[in-house]
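Student: Starting from these lines, generate the structure:
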Amino acid sequence: MSAAIGVFDSGVGGLSVLRSLHKQHPNEDFLYLADQVHVPYGPRSVVEVRQFSESITRFFIQRGVKMVVVACNTASAAALHPLRAAFPATPFVGMEPAVKPAAEQTESGVVGVLATPATFQGALYSSVVERFAHGVRILQDTCSGLVEQIELGDLDGEETLAILRRALGPMLKANIDTIVLGCTHYPFVIPAIKYLAGPQVRVIDPAPAIARQVGRLLDEHALHNPVKVKGKTTYLTTGNLDQFQNFLEKLEYSGEINHLTWHGTERLENG
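Tutor: Predicted coordinates:
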């Protein structure tokens with residue numbers, strides 16, 4: 001049997017990436033880890049997020065995964081390069097804010113980016129903007145509190161809509177025509193964003209591009225599951241198991257669900 005692909009995020013956000021992975025790679029097995037006891041990663045220090053990411057990766061490798069998808073923009077910004085250096089035998093795919101396609105597609109020349117503070121402060125985001133956003137005005141908002149609302153399963157309630165209105169209002173007045181989602185939680189509120197922004201504003205979800213990159217690495221390293229049957233997904237959370245299960249049921253995701261316990265920031269184990 002082929003090894004699984006490990007996918008992790010601070011919480012449920014990475015499930016938006018997993019959705020595209022399931023669609024593009026239906027024969028692959030996945031091990032999804034939601035580090036919900038530490039959600040959100042956004043306000044945490046780079047050092048702390050890097051420690052979590054390295055420990056999760058060690059946990060995955062101990063369970064024989066063949067690839068790791070860092071389905072979290074904050075963790076990608078903080079830890080992707082260190083992870084590749086620390087675990088050179090493991091292929092990694094991380095998140096990069098989709099500023100390049102937004103800059104290519106905008107007609108008004110004004111693009112909005114929604115992301116966490118850690119993503120905006122990271123060198124990865126700065127590099128992407130510097131390389132690809134020439135001549136484009138970039139407006140940013142951290143959508144404070146939105147990750148927490150999504151973790152609660154509130155995708156279109158009044159508080160969620162209020163957070164989005166505060167973020168999108170100034171952007172819409174500045175004539176944005178494209179919105180970049182720089183946090184994997186945010187695709188779950190695309191319907192709410194489209195409701196508030198209107199049909200004239202394009203919303204870019206990076207998940208399909210991430211799934212395509214996974215496919216390229218599966219090809220490059222000859223890692224495709226040779227068994228042509230539908231793959232299975234195992235879900236793990238370090239947080240509230242019932243809350244996580246309720247969110248999975250809302251998405252109509254199925255699979256085994258287990259709880260993990262942290263021992264400091266170094267070790268994860270079942271239970």
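
Student: So what pairs up with Val69 in the strands?
Tutor: On the basis of DSSP bridges, Val69 is bridged to Val7, Val93.

Student: could you say what helices and strands the helix or strand hosting Leu217 packs with?
Tutor: According to DSSP states H and E, Leu217 maps onto helix 207-220. Secondary-structure packing of helix 207-220 (3 or more C-beta pairs under 8 Å, 6 or more residues apart in numbering; DSSP states H and E): helix 15-24, strand 67-70, strand 92-94. Where C-beta positions appear, they are placed from N, C-alpha and C, glycine not excepted.

Student: So this protein: which segments form each domain?
Tutor: Per automatic domain parsing, the structural domains of the chain span 5-95+208-270, 99-205.

Student: Let's have these in JSON lines, adding mean pLDDT and mean neighbour count.
Tutor: Shown next, in JSON lines, are the domains of the chain (pLDDT from 0 to 100; neighbours: other C-beta atoms under 10 Å):
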{"stretch": "domain 5-95+208-270", "mean pLDDT": "95", "mean neighbour count": "19"}
{"stretch": "domain 99-205", "mean pLDDT": "95", "mean neighbour count": "18"}
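
Student: So what are the sheet partners of the strand ranked longest in the chain and their directions?
Tutor: Secondary structure of the chain per DSSP state E: the longest strand is strand 256-263. Paired strands of strand 256-263, with direction, are strand 233-237 (parallel), strand 267-270 (antiparallel) (DSSP bridges).

Student: Next, the residues that contact it from outside, please.
Tutor: Residues outside strand 256-263 that contact it (C-beta atoms under 8 Å, 6 or more residues apart in numbering): 33, 37, 55, 59, 232, 234-238, 241, 244-245, 248, 268-271.

Student: could you redo the last one with a cut-off of 10 Å?
Tutor: Where contact means C-beta atoms under 10 Å, 6 or more residues apart in numbering, the residues beyond strand 256-263 that reach it are 32-38, 52, 55-56, 59, 232-242, 244-245, 248, 267-271.

Student: quick one, what contacts the residue lying closest to Thr238 once chain neighbours are set aside?
Tutor: Excluding the flanking residues, the one nearest Thr238 by C-beta to C-beta, 6 or more residues apart in numbering is Val37, at 4.2 Å. Neighbouring residues of Val37 by C-beta under 10 Å, 6+ apart: Ser10, Gly11, Phe52, Thr237, Thr238, Gly239, Asn240, Leu260, Thr261, Trp262.

Student: Against Ala79, how distant is Val37?
Tutor: 18 Å (C-beta to C-beta, to the nearest Å).

Student: Leu251 too?
Tutor: Distance from Leu251 to Ala79, counting by C-beta to C-beta: 26 Å.

Student: With Ile179 instead?
Tutor: Taking C-beta to C-beta, one finds Ile179 at 26 Å from Ala79.

Student: what sits against Val47?
Tutor: Here Val47 is in contact with Ala78, Ala79, Thr265 (criterion: C-beta under 10 Å, 6+ apart).

Student: what do you get for Gly239?
Tutor: Counting by C-beta under 10 Å, 6+ apart, the residues that Gly239 touches are Ser10, Gly11, Val12, Ala34, Asp35, Gln36, Val37, His38, Val39, Glu151, His259, Leu260.

Student: ditto for Thr265
Tutor: Contact partners of Thr265, counting by C-beta under 10 Å, 6+ apart, are His38, Val47, Glu48, Arg50, Gln51, Phe52, Glu54, Ser55.

Student: Dump those to a markdown table, plus secondary structure and distance to Thr74.
Tutor: Putting the contacts of Thr265 into a markdown table (DSSP: H, G, I helix; E, B strand; the rest coil; distance: C-beta to C-beta, whole Å) gives the following:
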| residue | secondary structure | distance to Thr74 |
| --- | --- | --- |
| His38 | helix | 11 |
| Val47 | helix | 13 |
| Glu48 | helix | 11 |
| Arg50 | helix | 11 |
| Gln51 | helix | 13 |
| Phe52 | helix | 10 |
| Glu54 | helix | 14 |
| Ser55 | helix | 16 |
